[in-house]
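K.L.:
turn this into a model:
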Amino acid sequence: MKQKKIAVLVGSLRKASLNLKVAKQLMRLAPENLELEIVNIGDLPLYNEDLEANTPTSWVDFRNTIREADGVLFVTPEYNRTTSPAIKNAIDVASRPWGKNVWNEKPGAVISVSMSALGGFGANHSIRQSAACLNVPMMQQPEAYIGNAHTLFDENDNLTSAETESFLKNFMVAYEKWVNRLTVA
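P.N.:
Below is the predicted model of the structure:
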């Protein structure tokens, strides 16, 4: 089976980001035929249509990376009941200019990560709302809200919860099936 390239967007830009720690666990636990790559979104200039006249190189590179991906996985924190500005900006950059949406038909999934017990419910659904407009078919089940994330890692960033590890592994198996169902072999 052909290996599928999955673009992973991590919405928290901190070095010690819990979202980044979870994304790395997803990479570790992913089935062999999924090649996950974390795509840097922190250096993308804020979307401004005026910049299309002299398109920033980072936008061109980012759009090409998403265009070449077989699927996309969003790992998002929750800021004020929505996703982070970094992910929202990445969504906007790759969906513009009008008529050139590179997200189109990419099998997607979202996992929200939070220190709160709610696990980023609002951010998760904010991404799903944008995905509907982008024509990104989102995996519906299992839903993934990782709450109390600050308690899940040791001082070396190792995942310490066997239950969470099992959940993340099952999430990735389900996502592999989703990607395979929606992409050509």
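
K.L.:
OK, contacts around V75?
P.N.:
Contact criterion CB atoms under 8 Å, 6 or more residues apart in numbering gives 8-11, 19-20, 22-23, 26, 110-113 as the residues in contact with V75. Where you see a C-beta, it was placed from the backbone N, CA and C, and this is true even at glycine.

K.L.:
10 Å instead?
P.N.:
Contacts of V75 were listed using CB atoms under 10 Å, 6 or more residues apart in numbering, and they are 8-12, 17-26, 38, 87, 109-113, 120, 127, 144, 146.

K.L.:
for it, helix, strand, or coil?
P.N.:
Counting by DSSP: H, G, I helix; E, B strand; the rest coil, the backbone at V75 sits in strand.

K.L.:
ok, now how distant is it from N89?
P.N.:
16 Å (CB to CB, to the nearest Å).

K.L.:
one more: L51?
P.N.:
Looking at L51 against N89, where the rule is CB to CB, the gap reads 12 Å.

K.L.:
same deal with Q140?
P.N.:
Distance check for Q140 against N89: by CB to CB, it reads 26 Å.

K.L.:
neighbour-wise, which of the two wins?
P.N.:
Relative neighbour count places N89 above the other of Q140 and N89, with 17 against 10, counting by other CB atoms under 10 Å.

K.L.:
quickly find the element holding that one.
P.N.:
Of the helices and strands defined by DSSP states H and E, N89 is found in helix 85-95.

K.L.:
same question, A123
P.N.:
For A123, the host element (DSSP H and E) is helix 121-134.

K.L.:
list of residues touching the helix or strand immediately after that helix in the chain?
P.N.:
Next in sequence after helix 121-134, counting helices and strands by DSSP H and E, comes strand 145-146. Where contact means CB under 10 Å, 6+ apart, the residues beyond strand 145-146 that reach it are 18-19, 22, 25, 75, 78, 110-121, 123-125, 152, 161, 164, 167-168, 171.

K.L.:
that concludes my questions; thank you for your assistance.
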